[in-house]
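With the sequence up front, the predicted model follows.
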Amino acid sequence: VFLFNGVRQPLRVPALSSLARETQAGTQGAAFDLPLEAQGEAEDWDSEDGSTLRSASRREWPPARGVDPRGALHVEELHERALFRLKSWGVVPWDDEELDSMEEEPARGHGFLARLVLRLTRQVPRCIGAFAVYSSVSATADAVDAEEHHALIFLRLLDIVIALGALAGSFVMPRLLKHDLFRSTRNIVTGYDRQMKFTEAWKAGCIQRIFLAIGLWLVTSLLRFAAEWDMAYDGMPFSLRWSLFSFCTLVLASLSYCVEHLGWEIAMLIDAFSLHCVHSKKDLEGLTEDWNVLQALLRHGTCTCGAAITLLFAVASSGLVVVVLAPKQDGDARLHYLWALGIVTPIALTACSVLATCASVTEKCRRVPAVVNSMGFHFGMEDRFFFASHIQRSHTGFFVKEVLINGTVVLKM
C-alpha cells in the first residue's frame, strides 16, 4: 500500500527543506517523489547554493500557473522503480516486453527497496530490544517464584533468543537487499529462448522459497500462540507478547528467504556460464576472463550472505540448546519441552535448507570442469585441458567466513 498508494499523498511543508538538501546532494531530484504543488518555480530547483531550495518551503501553495516541474520526480517513475525492485525479488512477475528491454534500458533507482526498508524500520530495533528485555525479566521472575519446584519456563528463554536474532537480522537485512545478480545472470546467457527458460526457472524457484518462508512464519507463530494459550502467562499481555514474537519470527523468515534467493541466483549463474561456454564464439582468453569475472561475482555474493547464515545458525543452535536443557529440569519445565521443540524445529530445518542451498553452489562449481572437458570447442584439446584445469584449480564455491560449504558439511550438520 505504501509503495503504490502512499507516495501519492502530499508531503508536509517542514519536510521539504530536508528533501531539497538530499536532492541537491547528488540524487538530482530522483530519490523522492515531491507533489507538483511543492515544486515551486523553476529557478527554485536550479540554484547551486540551495538558498532558493530552502525558500521553497515558505511559498504559498498552489503556485502560479506556468510552473515548469523539472526538478521533481514523477509518480510514475517512482512506481516503476518500486516495481523493478519487487520483480527482481520474485514478488511481482515479469512481463515479456520488460525482459526484452531490460538489457537495453537498465532501471534506475538501485537500492530503492533497501532505502525504503531503512526508513520504515527505524523503530524495529527498539521494539525487538524491549521484547528481549521483557522476556528476560519475566523468565527471571518465574525462576525466582518457582524456586521450590526447580522449574524454569524455557519458552521465555526461547523468546530472548529469537528476539536477539531478529534484532541482529534487522541490521543484516539491508545489505542483502542491495544485490543485482539477476541482471548479471541474464547477460551471460545468450539467445532469447535460453533467457526465457532461465527466467521461468528463476520465477519457479522464487515462488517456492516464498511459500517456504511463509510456512516457517505461520508454523512458529501458531505454535507460540498455542503455548501462550495453554500456559496462561502473567505479566506482559498475551496479545502483545504473541504479536512481538510473530514479528521477530517474520524477520528471521525474511532473512532466510533473502539468503536462499541469493544462493539460487548464484547457482543459476553457474548454469548460465556452462551454457555460455557452449554457445559463445569467444576464444580461450575470452572464456578465461569471463570465468574470472564470475569468480568475483560469486565472492561478492557469498560475502554478502555470510553474516546472515551465521546469524541463522546461531539462533537455531541456541534454540536447540534451550530445548535440550528443558527435559533435565523438574516440575513444570517438562511440560514446556514439546512446545519449545515444536517452535525450534522449523527454525532449525530452515537453517539446514539455507545451508543446502549454499552447498548446491559449490557442487555446481565442481561440475563445471567436467562439463567444459566434455564439450567440443573450436580450439584444440590442449587449450581445453588448460581451461578445465584453470577452473578446477580456482577453488570456486560458496564460502562462509572463508569456510567452504559443500555436501559433506550439510551431511555432517
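Ah, there it is.

And for Lys281, the neighbour number?
Lys281 has 8 neighbouring residues, counting by other C-beta atoms under 10 Å. Every C-beta, even on glycine, is put in place using the N, C-alpha and C of the backbone.

That one in helix, strand or coil?
Counting by DSSP: H, G, I helix; E, B strand; the rest coil, the backbone at Lys281 sits in coil.

what about it, distance to Val361?
Shown here: Lys281 relative to Val361, a distance of 27 Å by C-beta to C-beta, to the nearest Å.

Ok, Gly263 next?
When C-beta to C-beta is applied, the distance between Gly263 and Val361 equals 6 Å.

Which neighbours do the two have in common?
Among the neighbours of Gly263, those also in contact with Val361 (C-beta atoms under 8 Å, 6 or more residues apart in numbering) are Phe398.

for the helix or strand hosting Arg384, which positions count as buried?
The secondary structure element spanning Arg384 is helix 381-393 (assigned by DSSP states H and E). Neighbour-count burial for helix 381-393, counted by 16 or more other C-beta atoms under 10 Å, picks out Arg384, Phe387, Ala388, His390, Ile391, Gln392.

Same check on stretch 348-368?
For stretch 348-368, the neighbour count (16+ other C-beta under 10 Å) marks 348, 350-351, 353-366, 368 as buried.

Could you point out the member of the buried residues of helix 381-393 that lies closest to Leu240?
Leu240 has its nearest neighbour among the buried residues of helix 381-393 in Ile391, at 55.1 Å by C-beta to C-beta.

Not counting sequence-adjacent ones, nearest residue to the closest one?
Distance criterion C-beta to C-beta, 6 or more residues apart in numbering; nearest residue to Ile391, sequence neighbours excluded, is Pro369 at 4.8 Å.

Same question for Cys352.
Met413 (6.1 Å).

what about the one you found, how many neighbours?
Here the number of neighbours of Met413 (other C-beta under 10 Å) works out to 14.

thinking again about what came up before, tell me if I am right that the residue nearest to Ile391 is in a helix.
Yes. The assignment for Pro369 (three-state DSSP) places it in a helix.

Sketch out the low-pLDDT regions of the protein for me.
Low-confidence regions of the chain, defined here as pLDDT under 70, cover residues 1-154, 179-195, 228-238, 326-337, 375-379.

domains in it, as residue ranges please.
Domain assignment for the chain by automatic domain parsing gives 6-73, 122-412.

For the residue nearest to Ile391, the count of nearby residues, please.
By other C-beta under 10 Å, 18 other residues sit near Pro369.

ok, back up a step: quick check, the residue nearest to Cys352 in contact with Val354.
No. Here Met413 lies out of contact with Val354, judged by C-beta atoms under 8 Å, at a distance of 10.7 Å.

Select from the buried residues of stretch 348-368 every entry located in helices.
Among the buried residues of stretch 348-368, the members falling in helices are 348, 350-351, 353-366, 368 (criterion: DSSP state H).

and Ile405, what are its phi and psi?
phi -100, psi 120 (degrees, to the nearest 10).

Oops, could you answer that again for His395 instead?
Dihedral pair for His395: phi 50, psi 50, per degrees, to the nearest 10.

what's near enough to touch it?
Contacts of His395 were listed using C-beta under 8 Å, 6+ apart, and they are Leu404.

Tell me how far it lies from Leu404.
The spacing between His395 and Leu404, counted by C-beta to C-beta, is 8 Å.

again with Leu158
32 Å.

Could you check which of these two has the larger neighbour count?
Each of Leu158 and Leu404 has its neighbours counted (other C-beta under 10 Å); Leu158 has more, 26 against 17.

my read: the more buried one touches Ala316, true?
No. When contacts are counted by C-beta under 8 Å, Leu158 is not listed as touching Ala316 (11.5 Å).

those strands in the stretch 151-300 of the chain, which residues are they?
For the stretch 151-300 of the chain, no strands are identified by DSSP state E, counting those that start in this stretch.

What segments of it are helices?
154-176, 181-188, 192-231, 238-279, 284-325 (DSSP state H, counting those that start in this stretch).

tilt between the last one and helix 154-176?
Using axes from the mean of the first three to the mean of the last three C-alpha atoms, to 10 degrees, the interaxial angle of helix 284-325 with respect to helix 154-176 works out to 160 degrees.

which strands and helices sit next to helix 284-325?
The contact analysis (3 or more C-beta pairs under 8 Å, 6 or more residues apart in numbering; DSSP states H and E) places helix 284-325 against helix 154-176, helix 181-188, helix 238-279, helix 337-373, helix 381-393, strand 399-400.

closest to Glu200 out of these?
Nearest to Glu200, of all those, is helix 238-279, at 11.3 Å by C-beta to C-beta.

angle of the closest one against helix 337-373?
Taking the same axes, to 10 degrees, one finds helix 238-279 and helix 337-373 inclined to each other by 10 degrees.

Could you list every helix and strand in contact with helix 238-279?
The helices and strands touching helix 238-279, judged by 3+ C-beta pairs under 8 Å, 6+ apart, are helix 124-145, helix 154-176, helix 181-188, helix 192-231, helix 284-325, helix 337-373.

so which of those is the most packed in?
Scoring the helices and strands packed on helix 238-279 by mean neighbour count under mean count of other C-beta atoms under 10 Å gives helix 154-176 as the most buried, with a mean of 22.

what angle sits between that helix and helix 192-231?
Counting by the same axes, to 10 degrees, helix 154-176 lies at 160 degrees to helix 192-231.

which strands and helices sit next to helix 154-176?
Based on contacts counted as 3+ C-beta pairs under 8 Å, 6+ apart, the elements that helix 154-176 packs against are helix 112-120, helix 124-145, helix 192-231, helix 238-279, helix 284-325, helix 337-373.

Could you dump these into CSV and include distance to Gly169?
Converted to CSV, these look like this (distance: least, C-beta to C-beta, whole Å):
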stretch, distance to Gly169
helix 112-120, 12
helix 124-145, 9
helix 192-231, 13
helix 238-279, 5
helix 284-325, 6
helix 337-373, 12
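
do you know how far the closest residue to Asp271 other than its chain neighbours is from Thr357?
For Asp271, ignoring the flanking residues on the chain, the nearest one in space by C-beta to C-beta, 6+ apart is Lys364 at 6.9 Å. From Lys364 across to Thr357, the span is 11 Å (C-beta to C-beta).
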